[in-house]
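A.B. asks: My questions concern the predicted model and sequence given below.
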Amino acid sequence: MMLSSASLTRNHTLLVAASTSAVLCAVLTCTTILRHPKRKRATQGKDIFVFAHPSERNEKILASATDLLSEPWGFENCHLASALAVIRMSPFWGSWGQLVTRRTEKLSTPEGGDIEVEFIEPLGMQQPPKSNVPMIILLHGIMGHNREPYIEQAALHIAVEKRWRAVILNYGKLRVSESGTSILGGYNFVDGGDLNFLISHIRKYHDGFLGAIGFSMGGAKLVHYLCRTREHCQLDAACTISSPLDFTANNITVHEPDTFVQRMYHFVVTAALKVWVLKNWNEIKKHPNAKKMQPFRRTSSGLLWWIQATKVTDVDNAITIHTRGYDDIHKYYDDATGAHRLREDVKIPFLCVTALNDPFVPKEIIPGEDVALANENIFIVTTPRVGGHIGFWVPGKGCWATKGSLSFFDSVKLHIKKKPRSYFVRRKASFRAAHYLQRTSSTKLTNYFKFIAHDSIQNLLRDGENDDPATVSKSESFDSQ
């Protein structure tokens, strides 16, 4: 069988990454920078900071989340920890990889695009799985995809340790709608159409626990969805890991990278985004605003952009704001910021895990105790010494942040009982979520109603109940159940 050049390149890249990560792990395990402690409860104020509203419900949730309150592990060198999150070999090459099945599906949308998702399930699970088996949606970071090591590690923790189902949303592949006015997937913080469609699709047949974990930019995307759907969010709990939730001028890493390390991170991320633009070149060119985008100009200015663009803001200024309907990059960043919305708009239990030594997330923008005290649903966890950016990992133990998140979900399931909902009630919830996404959209480019399942509106009308989502009582929210 002849292998294509792309396949050979991918195989070569995998071999180089595997050998590099293997050597690093072997060397570093013998050094003092590796923290690999026995499992024990973390010391508040030393190993971990936990902030939550002092209610009886929250005390029970935290008391049961034993993995979340255990001493965090990882490499103390934040840059090394951050690098190993993406360059180590795939955990599916280990023994755990033989205990799961993975399959990729493309979900076609009424808007004329498709969403690529991957299901990771325990080996031998009944097919089709029971509707009450918990499902966790995983959202990758800005440069990621469904085969990133940290995403695969999280999926294995879910499928092997918990025997739940993991669903990875691969939004790195971009699709332009048939109308050409809206984009599905791709690198952006403000559009929840693909995530809402996936949740709506799952809720057609699944009434069990549904959670979501967002890593880095995936967490910002998740928070944007939570805050815009409010009490009509169809998730039961959510978590972000190493996610920047503020993209305004407060985020100096984005707007003012003044150190060599910060500029180097920008250069690496921008280079990856340029590769992403090339991979999605034909799709982006379908957009009616493609002529306004500097990288697509067949002039010297277009060539100079490819040479001179070294910051993430350069990509947003040249491409993102035009595809999303913004005239100003600051307006786009203001809309993408979710930190100030946490106090009032998050209506389900939400866990935010961040390391204070994260090179991508400045300490100044990490939500603090005041946010947790203002909203009973907010749980803030920060680690002062280890973690880096998605770097809560050591060989042989897996990811502390993911295990803590799953422990948090388990505790939420235990202490917040949820009444079973009929098929029609779940379909109405999908319509209401789409309504809120549409109502809170700044650009109005995306028709969120076309991103919910095909039969939603018909079922609403057929059921004979009020079909105006704006008049639905808040008494049906998750908190009241």
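C.D. replies: Looks like it arrived, so ask away. Numbers count the residues shown, from 1 in each chain.
A.B. asks: Which strands and helices lie in contact with the host helix or strand of F424?
C.D. replies: Using DSSP states H and E, the element containing F424 is helix 423-439. Applying 3 or more Cβ pairs under 8 Å, 6 or more residues apart in numbering; DSSP states H and E, one finds that helix 423-439 contacts helix 193-203, helix 217-229, helix 456-462. To be clear about C-beta, it is placed using only N, CA and C from the backbone, and glycine gets the same treatment.
A.B. asks: So which bits of that helix are buried?
C.D. replies: Neighbour-count burial for helix 423-439 flags 426-438 (criterion: 16 or more other Cβ atoms under 10 Å).
A.B. asks: Kindly reformat the helices and strands packed on helix 423-439 as JSON lines containing distance to M143.
C.D. replies: Below are the helices and strands packed on helix 423-439 laid out as JSON lines (distance: least, Cβ to Cβ, whole Å):
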{"stretch": "helix 193-203", "distance to M143": "18"}
{"stretch": "helix 217-229", "distance to M143": "9"}
{"stretch": "helix 456-462", "distance to M143": "34"}
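A.B. asks: just the ones you listed: most buried one?
C.D. replies: Mean neighbours per residue, mean count of other Cβ atoms under 10 Å, is largest over the helices and strands packed on helix 423-439 for helix 217-229, with a mean of 26.
A.B. asks: for the helix or strand just after it, packing partners?
C.D. replies: Downstream of helix 217-229, the first helix or strand assigned by DSSP H and E is strand 237-241. Where contact means 3+ Cβ pairs under 8 Å, 6+ apart, strand 237-241 is packed against strand 210-215, helix 217-229, strand 350-355, helix 400-415.
A.B. asks: how much distance is there from the second one to the middle of the chain?
C.D. replies: Okay, so that is helix 217-229. A distance of 8 Å separates the centroid of the chain from that of helix 217-229, by Cα atoms, centre = their mean, to the nearest Å.
A.B. asks: Would you mind pulling up the elements that it packs against?
C.D. replies: Against helix 217-229 (3+ Cβ pairs under 8 Å, 6+ apart) you get strand 135-139, helix 193-203, strand 210-215, strand 237-241, helix 342-345, strand 350-355, helix 423-439.
A.B. asks: And the last one, by the same measure?
C.D. replies: Contacts of helix 400-415 with other secondary structure elements, assessed using 3+ Cβ pairs under 8 Å, 6+ apart, are made with helix 56-64, strand 210-215, strand 237-241, strand 350-355.
A.B. asks: if we can go back for a sec, quick one: the helix holding F424 to helix 193-203, angle?
C.D. replies: Per axes from the mean of the first three to the mean of the last three Cα atoms, to 10 degrees, the angle that helix 423-439 makes with helix 193-203 is 170 degrees.
A.B. asks: Could I have the CA atoms of helix 423-439 written out in CSV?
C.D. replies: Only the C-alpha atoms of helix 423-439 are listed here, as CSV (Å, rounded to 0.1, in the frame of the first residue of the first chain):
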residue,chain,number,x,y,z
TYR,A,423,-38.1,13.9,25.1
PHE,A,424,-40.3,17.0,24.5
VAL,A,425,-39.0,18.8,27.5
ARG,A,426,-35.4,18.3,26.3
ARG,A,427,-36.3,19.5,22.8
LYS,A,428,-37.9,22.6,24.2
ALA,A,429,-34.7,23.2,26.2
SER,A,430,-32.7,23.0,23.0
PHE,A,431,-34.9,25.6,21.4
ARG,A,432,-34.7,27.9,24.4
ALA,A,433,-30.9,27.7,24.4
ALA,A,434,-30.8,28.6,20.7
HIS,A,435,-33.1,31.5,21.4
TYR,A,436,-30.8,32.9,24.0
LEU,A,437,-27.7,32.4,21.8
GLN,A,438,-29.5,34.3,19.0
ARG,A,439,-30.8,37.1,21.3
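A.B. asks: tilt between it and helix 217-229?
C.D. replies: Inter-element angle recorded for helix 423-439 and helix 217-229: 100 degrees (by the same axes, to 10 degrees).
A.B. asks: where does the protein have low pLDDT?
C.D. replies: 1-45, 110-113, 172-191, 440-481 (pLDDT under 70).
A.B. asks: Nearest approach to N377 belongs to which of the helices and strands packed on helix 423-439?
C.D. replies: helix 217-229 (9.5 Å; Cβ to Cβ).
A.B. asks: list the contacts for the nearest residue to R426 once chain neighbours are set aside?
C.D. replies: Leaving out its chain neighbours, the residue that sits closest to R426 by Cβ to Cβ, 6 or more residues apart in numbering is R203, at 4.6 Å. With contact set as Cβ atoms under 8 Å, 6 or more residues apart in numbering, R203 has these partners: L210, Q234, R426, R427, A429, S430.
A.B. asks: Among these, which one sits closest to F360?
C.D. replies: L210 (28.0 Å).
A.B. asks: and F51, backbone torsions?
C.D. replies: Geometry field for F51 lists phi and psi as phi -120, psi 130, criterion degrees, to the nearest 10.
A.B. asks: For it, the count of nearby residues, please.
C.D. replies: 17 (other Cβ atoms under 10 Å).
A.B. asks: what pairs with it across the strands?
C.D. replies: Beta-bridge pairing for F51 (DSSP bridges): I380.
A.B. asks: What separation is there between it and P367?
C.D. replies: In this view, F51 and P367 are 8 Å apart by Cβ to Cβ, to the nearest Å.
A.B. asks: which residues are common contacts for those two?
C.D. replies: Counting by Cβ under 8 Å, 6+ apart, the residues touching both F51 and P367 are I380.
A.B. asks: Could you tell me the end-to-end distance of stretch 198-209?
C.D. replies: In stretch 198-209, first residue to last residue: 15 Å (Cα to Cα, to the nearest Å).
A.B. asks: same check, this time on stretch 309-324
C.D. replies: Using Cα to Cα, one end of stretch 309-324 lies 20 Å from the other.
A.B. asks: same deal with stretch 203-215?
C.D. replies: For stretch 203-215, the end-to-end distance is 23 Å (Cα to Cα).
A.B. asks: Show me what counts as buried in it.
C.D. replies: So for stretch 203-215, counting by 16+ other Cβ under 10 Å, buried means R203, K204, H206, D207, G208, F209, L210, G211, A212, I213, G214, F215.
A.B. asks: Output those as JSON lines; include the columns distance to Y150.
C.D. replies: Converted to JSON lines, the buried residues of stretch 203-215 look like this (distance: Cβ to Cβ, whole Å):
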{"residue": "R203", "distance to Y150": "27"}
{"residue": "K204", "distance to Y150": "29"}
{"residue": "H206", "distance to Y150": "25"}
{"residue": "D207", "distance to Y150": "30"}
{"residue": "G208", "distance to Y150": "25"}
{"residue": "F209", "distance to Y150": "23"}
{"residue": "L210", "distance to Y150": "21"}
{"residue": "G211", "distance to Y150": "17"}
{"residue": "A212", "distance to Y150": "15"}
{"residue": "I213", "distance to Y150": "10"}
{"residue": "G214", "distance to Y150": "12"}
{"residue": "F215", "distance to Y150": "6"}
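A.B. asks: List just the nearest of these to R341.
C.D. replies: Of all the buried residues of stretch 203-215, G214 has the smallest distance to R341: 15.1 Å, by Cβ to Cβ.
A.B. asks: list the contacts for the closest one?
C.D. replies: Listed by Cβ under 8 Å, 6+ apart, the contact set of G214 reads L139, A220, K221, L222, V223, A238, C239, T240, I241, S243.
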